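Participant: let me see the structure of the following:
(chains A and B)
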Amino acid sequence: MNELMAARSLTTRPVVTLGGDAVAHVKDTVCDAAAGSVTGFTLTGRGLLSGSLREGLPWRAVYALGHDAVMIRDRRGLVDAAALTTHRHSLRARLLGAEVVTEAGTEIGTVLDVVVEGGTGGRVVGFRVAASRRFLPGPTRHRRRVYVPRGGTLTVTGRSLVLPEDAVRYVADDLPGLTALVAGVPGRGRGALP
Amino acid sequence: MLFTEVRGLPVLAADGGGPLGTVTSLTVDVVSGAVSHVRFRDGALGRVGLSGRVGLSGRIGRSGRERAVPWDAVDTVAAGAVRLRAAAPCEGAPRAHHDLLDHRVLLDTGTGHGTVLDVAFDTRTARLLALFTTRGEVPAGRLRGLGDYALVVRAG
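Facilitator: Numbering: from 1, shown residues only, chains lettered A, B, ... in the order given. Alright, predicted model coming up:
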């Protein structure tokens, strides 16, 4: 499996052509309505004081999403940023802070970040969630941060993400743990977590 | 020969006169995988023949004007000097150029691969043989692009 990345960590990642020229930095990640895949990125200019670009980067123009750069063939793949965000969910606008619940109505928590798979797929594989106390009871005063796999089916209802019960049977404490979970390693049940 | 060995060599004209300057860098055409130009600077110390091969080379002539000659105009590159052919056309205004040495390296998967430490090339054909980076050797056949941000190479 390709490296998993928190979408917020993509902000400021350079967008580089295969010719070696940096054309922009990632400003925000845009997901489709089902929060199933990345549809593109909004961009900022390269200079310290440069603001948002009017151009956006659609996922179809991405050659590879890597640990250190978003690779594109050339800058001809950039499109009007307004077209990119129409009817789609930028992280900041829609997904961050959304409630996560199960189909049975169990409250899981709120979305802190979206985890995407690097490489060429652009798949959303999970969420970093501030878990509710009912979902993960414990002695700590602070809400636990856990990684929850997206699962095969997910419904977006307003500001809520509805996951199947199976998706939250296991959770992970970090990205390597989520990588193992998504790859099919059962991991630990949430009740067994410290 | 290595790029770091060529950097700092005196550039000699075909007529046997004094040095025209010292080599500052080599321009690479990643499409053909070969050195396309030799860049040199005619700084004051370069004119009196100090080759600067002890690491001073690139900095000796900073005050001078940088020029470039196409590889076709180079007669020989030996241990002691770069000798040009007769009537070598020196370009006063250097073309867009990105020095490979110390340049950032990115795999085309978007993963960093360190920076370029040195480059080996064939002095007869100008073809690159291998790149040595802080993360290991990269075959010259894997180069994809060289821009202002990075040298892009094929992953595996």
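Participant: going forward, measure contacts and count neighbours with C-alpha atoms only.
Facilitator: OK.
Participant: excluding chain neighbours, what is closest to residue B:76?
Facilitator: The shortest distance from residue B:76 to any non-neighbouring residue, by CA to CA, 6 or more residues apart in numbering or on different chains, is to residue B:83 (5.3 Å).
Participant: could you report the neighbour count for the one you found?
Facilitator: Per other CA atoms under 10 Å in any protein chain shown, the neighbour tally for residue B:83 reads 22.
Participant: wait, what's in contact with it?
Facilitator: Taking CA atoms under 8 Å, 6 or more residues apart in numbering or on different chains, we find residue B:83 in contact with B:11, B:12, B:13, B:14, B:74, B:75, B:76, B:77.
Participant: quick check, nearest of those residues to residue B:66?
Facilitator: residue B:11 (12.3 Å; CA to CA).
Participant: and the closest one, how many residues sit next to it?
Facilitator: For residue B:11, using other CA under 10 Å, the count is 28.
Participant: for it, give me phi and psi.
Facilitator: phi -100, psi 120 (degrees, to the nearest 10).
Participant: can you check the one 4 residues further on too?
Facilitator: For residue B:15, the backbone dihedrals are phi -80, psi 0 (criterion: degrees, to the nearest 10).
Participant: leaving out the residues flanking it, which one is nearest to it?
Facilitator: With sequence-adjacent residues excluded and distances taken as CA to CA, 6+ apart, residue B:15 is closest to residue B:86, at 7.0 Å.
Participant: what about the residue nearest the centre of chain A, which helix or strand?
Facilitator: Residue closest to the mean C-alpha point of chain A, counted by CA atoms, centre = their mean, is residue A:114 at 2.5 Å. Using DSSP states H and E, residue A:114 sits within strand A:107-117.
Participant: what pairs with that strand, parallel or antiparallel?
Facilitator: Paired with strand A:107-117 in the same sheet, following DSSP bridges, are strand A:4-6 (antiparallel), strand A:99-102 (antiparallel), strand A:124-131 (antiparallel).
Participant: any idea which helix or strand comes after the last one?
Facilitator: This points to strand A:124-131. Trace forward from strand A:124-131 with DSSP H and E and the next one is strand A:145-149.
Participant: give me the mean pLDDT for the helix or strand hosting residue B:22.
Facilitator: Using DSSP H and E, residue B:22 sits in strand B:19-29. The average pLDDT within strand B:19-29 is 92.
Participant: which residues in chain A form helices?
Facilitator: Under the criterion DSSP state H, helices of chain A are mapped to A:81-85, A:175-182.
Participant: would you check how far apart the closest residue to residue A:97 other than its chain neighbours and residue A:35 are?
Facilitator: Once flanking residues are discounted, residue A:97 sits nearest to residue A:111: 4.9 Å by CA to CA, 6+ apart. Distance of residue A:111 to residue A:35, given as CA to CA, to the nearest Å: 12 Å.
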